[in-house]
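K.L.:
quick one, fold the following:
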Amino acid sequence: MRINKFFLKILSCFLAVVFVLSLAFAVARFEDLRIDKEHVLENLDIEFEGGAKGMQRTLLQIKYALSELSVRFAADRSFEDGTYLEGNELRADMRAVLVDRRQNEFSKYLTTAFIVDTLKQNYVYELTGTFTTDVFFNQYYVNETYTNEYWLSETEGGDSFKIFPANIFSTAREAKRVDIELLPITYKPHSSSRYIIVMLIDINAIAEHYGISGMYSKNGETVYSVQNLTAEDVFSAKDGYVFEFDDEYNGNLNIVKFVPASDVSRVVGNARRVSTVAFVFFLLAALGIAVLISVKLTLKIKAIADEVMSNSNVKAQFENGVSGLDDVLSSVKLLASHDIRTVADVSNRESVLDSLFLQSRVRDVYVAINDIEESVDISKSFFMVYFRVNYKEEFEKYIGNDSGRATFFLKQLIEMYLETWGIKATTFQIENNGIVSVFDTHEGFSGERDIVDALILKLENESEYAFFTVAVSDIYNGTEKLKGVYDALLDLSKYGKPVMETQILYENEVNRGASRFYFSVEEMGKLSALLQNGSKDDVVHKVDEILEFNIKKEINSFELHLLCTEIVNCAVKLVNRLLHAMPQDISLSEVYRKFERANTPDEYRSVCVVFLGEVMECIRQNKREDDYIISYILDYVDNHYAEDIYLNLFAEKLKLTGAYISSYFKEKMNVNLSDYVNNYRIKKAVELSENPQNKNKDIAVMVGLPNINTFIRLFKKYTGYTPGEYRKKHFGDDYKK
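P.N.:
Residues are numbered from 1 along each chain as shown. The predicted structure follows:
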C-alpha cells in the first residue's frame with residue numbers, strides 16, 4: 001500500500017477544509033469589525049445618557065432643596081430683622097435640608113453652602129458658623145472672581161436658580177491649603193429678595209461619578225469642562241465624538257461627553273488584535289491537528305490493511321495486496337461477513353463464555369434509555385429494576401479495567417437467569433456500569449421482591465469484585481412512563497448507605513426528603529480558622545470529626561455527597577475572601593468529578609483531605625501581610641455595603657487624604673476602590689437573586705444601589721447579564737422574578 005500518497009490525499013482534504021473555514025472566518029470577522037465601531041459608540045451613548053440623567057436629577061434635587069430652605073427662612077419672623085441669621089436656627093435648617101438627608105444624592109459632593117445678605121454685608125452665614133467676609137473669602141474660599149462683592153451684585157439680579165461657571169478655589173479649611181475646582185449654584189427666592197443662597201459643589205467628583213466631560217449653557221458659556229474646552233471647541237472637534245444631553249430643567253444646560261477618536265480606535269483595535277491573534281492561534285492549531293490526524297489515520301489504515309491481509313480468505317481475494325481505501329473497505333466487508341458466520345457457528349457451541357466474548361466484540365452493547373420504549377414488550381403494566389455496578393479495586397487488580405465489557409457479561413448473566421426462570425423481561429446495558437431490566441406484569445402481580453431477591457442471591461458470586469446498588473420501581477401502566485421511571489430510579493440509587501455492600505432500594509420505601517447532614521455555621525468557622533492558621537493534621541482531624549458525627553447519624557450516600565461538597569465550598573469561600581480568586585492550579589471540576597465516582601466515606605474523605613491540603617498550601621504561599629488601611633476598608637465594605645460608601649468617608653475615618661487612599665488601594669489591591677465596592681455589591685446581589693421572593697428594586701436597596709438604573713448597569717457590567725437575564729439563565733423561565 002502506498003502510504004505516502006494516501007497520507008497526502010488525507011492531508012489535502014483536511015487542509016482544504018481548514019482553508020474554507022479560515023476564509024469564512026475572515027469574511028465574517030471583517031463584517032464584524034465594520035460594525036464594532038458602531039457598537040462601541042452606541043454603548044458609550046447609552047452609558048452617557050444614564051449618567052447625564054443622573055446629573056440632571058442631582059441638579060433638580062439641589063434646586064428643590066434650596067427652594068425648601070428659602071421657605072423655612074420666610075416662615076421665621078426673626079429673619080427680616082436679621083436676628084435669625086445670628087442664631088443657631090439658620091445653621092440647623094441648612095444642615096437639615098442640605099446635609100443630613102440620606103436621599104440627597106448631592107450631599108457627598110457638597111463642599112459648602114453659605115448665605116450672602118445685603119442687610120449684613122460684612123458677614124457670611126455658612127453651614128458651620130458665621131464668618132466675616134475677609135476670613136471667608138480671603139482665607140477659606142479664595143477666588144478672584146467669586147468674591148463677596150460679586151455675590152452682593154448677584155442679589156440685584158432677577159434669576160432665581162442659577163448655575164455659574166466652575167472655577168478654582170483655594171481653601172484652607174483643612175490642615176493645609178489645597179486648590180479645588182468648585183461649581184457655584186445659587187438660589188434667590190424672588191427678584192426683590194435681599195439675600196442669595198450659594199452652594200459650592202465638587203464638580204470634578206460629580207463629573208467623574210456620572211461620566212461627563214463638560215456642561216455648557218445655550219449661549220455657549222462654559223460652565224464646566226474636563227479639558228478646559230469651550231463649547232465651540234467641543235462641538236467643532238473632528239478628532240473625537242460628542243454625546244449631548246439637553247437639560248431643559250436646569251437653565252437649558254448642554255451636558256456633554258467628549259470621547260477622543262483615538263480611544264474608540266483603541267477599543268476597536270484591541271478587538272481586532274485579539275481576534276487576529278485568536279485566528280492565527282486556531283489556524284496553527286488546526287493545521288497541526290490536520291497533520292496529526294492524517295498521520296494517525298494513515299497508520300491506522302495501514303494497521304487495518306495488515307490485519308485483514310493476515311486472514312487467508314482476504315489474502316486470497318487480494319493477491320496484489322491492499323493498495324487503496326476502496327480495497328481496505330472491501331477487505332473489511334469480506335472479513336466481517338466471515339466473522340458473522342463464525343458467530344453463528346459459535347452460538348451453536350456449548351461454551352457460553354466463548355459466545356459472550358465474541359458477542360461483546362462484534363456488537364454495540366450500550367443502549368440509550370430513550371430507545372428502550374421501542375424495544376420492550378409490555379402487555380399492560382411493568383416494573384423496572386436498575387442495577388448500578390460498583391467495581392472494587394480487586395476487579396482492576398486481578399481482571400482488568402474494561403468495566404464496560406464486564407457489565408455486558410453481567411447483563412447477559414441476568415438475562416440468562418430470567419429466561420431460565422421463565423420470567424418475561426427485557427434487559428439493557430446503560431453506560432459502563434448500568435443495567436436496566438423491564439418486567440412485564442399482569443393485574444394483581446406482587447412478586448417483584450421475590451424476583452429481585454433471587455437475582456441478588458445469584459449475583460453474590462461476584463462479591464469479590466463488585467457490589468450492586470439496586471433500585472426497584474413500583475408497578476406502572478403504559479410504556480410512555482418508561483423514561484420517567486428510569487430517571488426516578490437513577491435518582492433513587494443515590495440514597496443508599498455509603499457502604500461497600502449490595503443494597504436494594506424500593507421506590508415506595510426510601511425517604512428522599514430534606515437532607516439530614518450536620519455542618520453548622522460554627523463548624524464552618526472552625527474549619528476556616530484551621531485552614532488559615534492550623535496544621536494539616538488539625539484540618540484532617542476536623543474533617544474526620546465532621547464525617548464521623550454525620551456517619552453516626554446514618555446519612556445516606558446522597559447526603560454524604562452534599563456534606564463533602566459543602567466542606568469543599570467552605571474552603572472555596574475562604575480562598576475567595578482572602579485572595580479574591582481561586583488559583584488556576586486548583587481544579588474544582590476535578591474534585592467534583594471525584595465525588596461522583598466515590599462510594600464510601602473513606603473515598604469521600606480522601607478527596608476532601610487532598611483538596612483542603614492544596615487550599616492550605618495556597619493560602620500559606622499567597623497570604624497577604626497585615627495592612628491596617630486595606631483591612632479597615634475591606635472590613636468596612638463587608639459590614640456597610642448597603643450604606644453610602646465614598647472616598648472622603650475613608651479619608652475622614654483613617655485621617656488620610658482621599659487621593660492617597662485611592663492610589664494606595666489601587667497599588668495594593670490592583671483595582672480601583674469604587675470598582676471593588678461595586679463588584680462586592682453585585683456579588684451580594686447575585687446571592688440575594690437566588691431568593692425568588694426578592695425583587696430587583698429591593699435587592700438594589702439592600703446592596704446600597706438604590707438607583708435601579710445604576711443597579712442594572714453595574715449588574716450587567718460585572719456579570720455580563722441584566723438581573724432578569726441572570727435569573728432566567730441560571731434558574732429557568734419559571735423562576736419567579
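K.L.:
care to break the protein down by domain?
P.N.:
62-212, 364-506, 521-622, 628-731 (automatic domain parsing).
K.L.:
which one of those lies nearest to residue 37?
P.N.:
Nearest to residue 37 among the domains of the chain is domain 62-212; the distance by Cβ to Cβ comes to 19.6 Å. All C-beta spots, glycine's among them, are computed from the backbone N, C-alpha and C.
K.L.:
mind checking the end-to-end distance for the closest one?
P.N.:
With Cα to Cα, to the nearest Å applied, domain 62-212 spans 18 Å between its terminal residues.
K.L.:
how many residues are close by residue 480?
P.N.:
9 (other Cβ atoms under 10 Å).
K.L.:
again with residue 435
P.N.:
Neighbour tally, residue 435, other Cβ under 10 Å: 24.
K.L.:
secondary structure element for the nearest residue to it once chain neighbours are set aside?
P.N.:
For residue 435, ignoring the flanking residues on the chain, the nearest one in space by Cβ to Cβ, 6 or more residues apart in numbering is residue 387 at 4.1 Å. With secondary structure defined by DSSP states H and E, residue 387 is part of strand 381-391.
K.L.:
give me the next element, helix or strand, following that strand.
P.N.:
Following strand 381-391 in sequence, per DSSP H and E, is helix 393-398.
K.L.:
mean confidence score for that next one?
P.N.:
When pLDDT is averaged along helix 393-398, the result is 78.
K.L.:
swap in stretch 178-198?
P.N.:
90.
K.L.:
how about that stretch: buried residues?
P.N.:
For stretch 178-198, burial by neighbour count (16 or more other Cβ atoms under 10 Å) applies to 181-189, 193, 195-198.
K.L.:
quick check: end-to-end length of that stretch?
P.N.:
Using Cα to Cα, first and last residues of stretch 178-198 are 21 Å apart.
K.L.:
ok so, going back, which residues touch the residue nearest to residue 435?
P.N.:
Neighbouring residues of residue 387 by Cβ atoms under 8 Å, 6 or more residues apart in numbering: 410, 414, 434, 435, 436, 437, 468, 469, 470.
K.L.:
in helices only, show me the residues you listed.
P.N.:
Using DSSP state H, 410, 414 are the members of the contacts of residue 387 that sit in helices.
K.L.:
for the contacts of residue 387, which one is nearest residue 425?
P.N.:
residue 437 (5.1 Å).
K.L.:
surely the closest one meets residue 384?
P.N.:
Yes - Residue 437 is within contact range of residue 384, at 7.1 Å (criterion: Cβ atoms under 8 Å).
K.L.:
buried sites along the strand or helix carrying residue 562?
P.N.:
Using DSSP H and E, residue 562 sits in helix 557-579. Across helix 557-579, burial judged by 16+ other Cβ under 10 Å covers 557-564, 567-568, 570-572, 574-575.
K.L.:
what do you get for stretch 379-389?
P.N.:
381, 382, 383, 384, 385, 386, 387, 388, 389.
K.L.:
do you know how far the residue nearest to the fourth one when sequence neighbours are not counted is from residue 482?
P.N.:
Leaving aside its sequence neighbours, residue 384 sits nearest to residue 473 (Cβ to Cβ, 6+ apart; 4.5 Å). Distance, residue 473 to residue 482, by Cβ to Cβ, to the nearest Å: 10 Å.
K.L.:
overlap in contacts, the two.
P.N.:
residue 384.
K.L.:
now, which of the buried residues of stretch 379-389 sits nearest residue 452?
P.N.:
residue 385 (6.2 Å).
K.L.:
quickly list what the residue lying closest to that closest one once chain neighbours are set aside is bridged to.
P.N.:
Closest residue to residue 385 apart from its sequence neighbours, by Cβ to Cβ, 6+ apart: residue 437 at 4.8 Å. Assessed by DSSP bridges, residue 437 has beta-bridge partners residue 385, residue 427.
K.L.:
count the residues that sit near residue 437.
P.N.:
Residues near residue 437, counting by other Cβ under 10 Å, number 23.
K.L.:
swap in residue 252?
P.N.:
Residue 252, neighbours per other Cβ under 10 Å, totals 11.
K.L.:
any idea how far it is from residue 419?
P.N.:
93 Å.
K.L.:
kindly report the same for residue 598.
P.N.:
35 Å.
K.L.:
the nearest residue to residue 230 once chain neighbours are set aside: what's it in contact with?
P.N.:
Distances taken as Cβ to Cβ, 6+ apart put residue 222 closest to residue 230, at 5.3 Å, once the chain neighbours are dropped. Taking Cβ under 8 Å, 6+ apart, we find residue 222 in contact with 165, 214, 216, 229, 230, 231.
K.L.:
SS state for the closest residue to residue 379 other than its chain neighbours?
P.N.:
Leaving out its chain neighbours, the residue that sits closest to residue 379 by Cβ to Cβ, 6+ apart is residue 440, at 5.8 Å. Secondary structure, DSSP: H, G, I helix; E, B strand; the rest coil: residue 440 is strand.
K.L.:
how many neighbours does the closest residue in space to residue 466 that isn't next to it in sequence have?
P.N.:
Of all residues not flanking residue 466 in the chain, residue 391 sits nearest, at 5.0 Å (Cβ to Cβ, 6+ apart). When neighbours are counted by other Cβ under 10 Å, residue 391 registers 19.
K.L.:
would you mind measuring from residue 391 to residue 494?
P.N.:
With Cβ to Cβ as the criterion, residue 391 and residue 494 are 18 Å apart.
K.L.:
just residue 650 next, same as before
P.N.:
50 Å.
K.L.:
same question, residue 457
P.N.:
In terms of Cβ to Cβ, residue 457 sits 25 Å off from residue 494.
K.L.:
one step back: which of the contacts of residue 387 are buried?
P.N.:
For the contacts of residue 387, buried by 16+ other Cβ under 10 Å: 410, 414, 434, 435, 436, 437, 468, 469, 470.
K.L.:
give me the pLDDT for the closest residue to the second one other than its chain neighbours.
P.N.:
Think residue 414. Sequence neighbours aside, residue 427 is the residue nearest to residue 414 in space, at 5.5 Å (criterion: Cβ to Cβ, 6+ apart). Note on residue 427: pLDDT of 89.
K.L.:
so what's residue 427 up against?
P.N.:
So residue 427 contacts 411, 414, 415, 418, 435, 436, 437, 438 (Cβ under 8 Å, 6+ apart).
K.L.:
just residue 439 next, same as before
P.N.:
Neighbours of residue 439 in contact, by Cβ under 8 Å, 6+ apart: 382, 383, 384, 385, 423, 424, 425, 448, 451.
K.L.:
what is the nearest of the residues you listed to residue 711?
P.N.:
For the contacts of residue 439, the nearest to residue 711 is residue 384 (49.8 Å; Cβ to Cβ).
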